[in-house]
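K.L.:
with the sequence up front, the predicted model follows.
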Amino acid sequence: EIVNWIKEYREKKAAISIGYLGNVVDLWERLAEEPECLVELGSDQTSLHNPFLGGFYPAGLTFEESNELMTSDPAKFKKLVQDSLIRQIAAIDKIAAKGMYFWDYGNAFLLECHRAGANLLREDAQDDKSFRYPSYMQDIMGDIFSMGFGPFRWVCTSGKPEDLRLTDQTACKIIDELKETNVPEYVKQQYLDNKKWIEEAEKNELVVGSQARILYSDRAGRVALAAAFNELVRTGKVSAPIVISRDHHDVSGTDSPFRETSNVYDGSAFTADMAVQNCIGDSFRGATWVALHNGGGVGWGDVINGGFGLVLDGSPDASRHAEGMLNWDVPNGVARRSWSGNAKAQEAIRRAEQQVDGMKVTIPVEADEELLKTLKF
Ligand SMILES: NC(=O)c1ccc[n+]([C@@H]2O[C@H](COP(=O)([O-])OP(=O)(O)OC[C@H]3O[C@@H](n4cnc5c(N)ncnc54)[C@H](O)[C@@H]3O)[C@@H](O)[C@H]2O)c1
């Protein structure tokens, strides 16, 4: 039925969204049987950060049978999950050979297929994460974290939509000012995207619970937003404190070689120090709370996350803490990305040094490749 729908709507040049209630391995295998490529863009969104305890359901078993087996016979269940993953990636390989563009969604799909025994490493792989298919990190997010942009968040503790509306309007004004500053064109483009996002945020009804907002912001933006929000609280324009925070999926807080730091290429992606430094640095600079934890996103043992929350209560201390802390929380990761040789991170950290009193970051000196070739080690 799905195959027919795809063909029919392709023929009509119309759009259709199809939800399949069943095991995705069966679907991939059926799609792979078709002589033509029916899937132009493909990815997988099962919860493979937790592959053997309910994140992935093997083909051939019902949902209930899987739930039973994963606790009654975990070894057998693990084998069935891994067999299914091998089948799934084999079907994906077949469709990709016909032209599908496939990428990893950041759910450890390629990693778990690799661990299951699929031959996924590139021929020139020097490590355990250079897979034949790209990660969304490189392909969709691009260099965003190197530029210092990431999902900054705030929550209006009053729970009032009118308070959130005022913070949205304040954010809009700040972005307007930022886009006129002396920044590279690719940074200006981010500010323009931010403006469109925040202008339309209320209309798009993104709030599902707390009166909270996420805005992909850089160091300068986050510092300015925090200062302006603290002022709204101090002057009583919003009726209760505002909490600032961010996602783990950000510039500095997470060491995750299979996701957030997969585009840090100097080997340091396999260490956990950036998240730890980030969290400790934030705590000393005035975060209200910090959290250092393992696992989120790609799975236990494969990632360390450092996070914070800071309450803006309108006091001078809150303002001072937010500025000091955010000037660590973002540049910490930009500096790391700069040391690993990323050109946009080098530009961003140099700009931060000029803008922030007392900030001094060592800049890497690139070796002359030709000279290196002449040296004997
Ligand atoms: N890239 C990112 O920014 C990003 C963001 C959020 C989540 N993630 C990752 O994406 C993954 C999914 O996140 P989520 O919040 O949607 O998880 P979720 O657990 O809510 O959804 C996963 C779904 O996959 C289904 N599923 C598992 N095996 C299946 C199979 N063989 N066939 C069909 N369906 C199957 C599950 O029943 C479940 O409904 C997680 O690993 C998460 O860490 C990535």
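P.N.:
Everything's here; your move.

K.L.:
show me what from this structure comes close to the ligand.
P.N.:
Contact residues, the chain versus the ligand (C-beta under 6 Å from any ligand atom): 23-25, 45-49, 56-57, 105-107, 136, 249, 297. All C-beta spots, glycine's among them, are computed from the backbone N, C-alpha and C.

K.L.:
among those, which ones are buried?
P.N.:
Using 16 or more other C-beta atoms under 10 Å as the burial test, the residues of the chain next to the ligand include 23-25, 46, 48-49, 56-57, 105-107, 136, 249, 297 as buried.

K.L.:
can you list the domains in the protein?
P.N.:
2-134, 150-355 (automatic domain parsing).

K.L.:
redo those as a markdown table? Include mean pLDDT.
P.N.:
Below are the domains of the chain laid out as a markdown table (pLDDT from 0 to 100):
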| stretch | mean pLDDT |
| --- | --- |
| domain 2-134 | 95 |
| domain 150-355 | 95 |
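
K.L.:
winner for burial among the ones you listed?
P.N.:
Most buried of the domains of the chain, by mean neighbour count (mean count of other C-beta atoms under 10 Å): domain 150-355, with a mean of 19.

K.L.:
test my guess that Pro74 contacts Gly54.
P.N.:
No - in this structure Pro74 lies outside contact range of Gly54 using C-beta atoms under 8 Å: 11.6 Å.

K.L.:
residues contacting the residue of the stretch 151-300 of the chain found nearest the ligand?
P.N.:
Relative to the ligand, the nearest point of the stretch 151-300 of the chain is Gly297 (4.6 Å; C-beta to the nearest ligand atom). Each residue near Gly297 by C-beta atoms under 8 Å, 6 or more residues apart in numbering is listed here: His49, Gly106, His248, His249, Thr254, Ser256, Arg259, Glu260, Val303, Asn305.

K.L.:
now do the SS call for Arg153.
P.N.:
strand (DSSP: H, G, I helix; E, B strand; the rest coil).

K.L.:
what bridges to it?
P.N.:
Ile214, Ser245 (DSSP bridges).

K.L.:
close enough to count as contact, it and Asp247?
P.N.:
Yes - applying C-beta under 8 Å, one finds Arg153 in contact with Asp247, separated by 6.9 Å.

K.L.:
any common contacting residues for the two?
P.N.:
Going by C-beta under 8 Å, 6+ apart, residues that sit against Arg153 and also against Asp247 are Ile214.

K.L.:
for Glu40, give me phi and psi.
P.N.:
Dihedral angles of Glu40 (phi, psi; degrees, to the nearest 10) stand at phi -80, psi -40.

K.L.:
pretty sure it is touching Tyr101, no?
P.N.:
Yes - taking C-beta under 8 Å as the definition, Glu40 is a contact partner of Tyr101 at 6.6 Å.

K.L.:
show the contacting residues for Tyr311.
P.N.:
No Tyr there; residue 311 is Val. Per C-beta under 8 Å, 6+ apart, neighbours of Val311: Thr157, Pro241, Ile242, Val243, Thr288, Ala318.

K.L.:
how much space separates it from the ligand?
P.N.:
For Val311, the distance to the ligand equals 26 Å [C-beta to the nearest ligand atom, to the nearest Å].

K.L.:
in what helix or strand does that residue lie?
P.N.:
Element membership for Val311 (DSSP states H and E) is strand 304-312.

K.L.:
can you list the strands that that strand pairs with?
P.N.:
strand 242-246 (antiparallel), strand 254-255 (antiparallel), strand 289-294 (antiparallel).

K.L.:
which is the next helix or strand following it?
P.N.:
Next along from strand 304-312, by DSSP H and E: helix 316-329.

K.L.:
and that next one, what does it pack onto?
P.N.:
Helix 316-329 is packed against helix 219-234, helix 273-285, strand 304-312, with contacts defined by 3 or more C-beta pairs under 8 Å, 6 or more residues apart in numbering; DSSP states H and E.

K.L.:
closest one to Glu36 among the ones you listed?
P.N.:
strand 304-312 (42.6 Å; C-beta to C-beta).

K.L.:
and the closest one, C-alpha only, in CSV?
P.N.:
The C-alpha trace of strand 304-312 is given here as CSV (Å, rounded to 0.1, in the frame of the first residue of the first chain):
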residue,chain,number,x,y,z
ILE,A,304,29.1,13.5,29.2
ASN,A,305,26.8,16.5,29.5
GLY,A,306,27.3,19.6,31.7
GLY,A,307,24.3,21.9,32.1
PHE,A,308,23.1,24.9,34.2
GLY,A,309,20.2,26.9,35.3
LEU,A,310,20.4,30.6,36.4
VAL,A,311,17.6,32.5,38.1
LEU,A,312,17.3,36.1,37.0
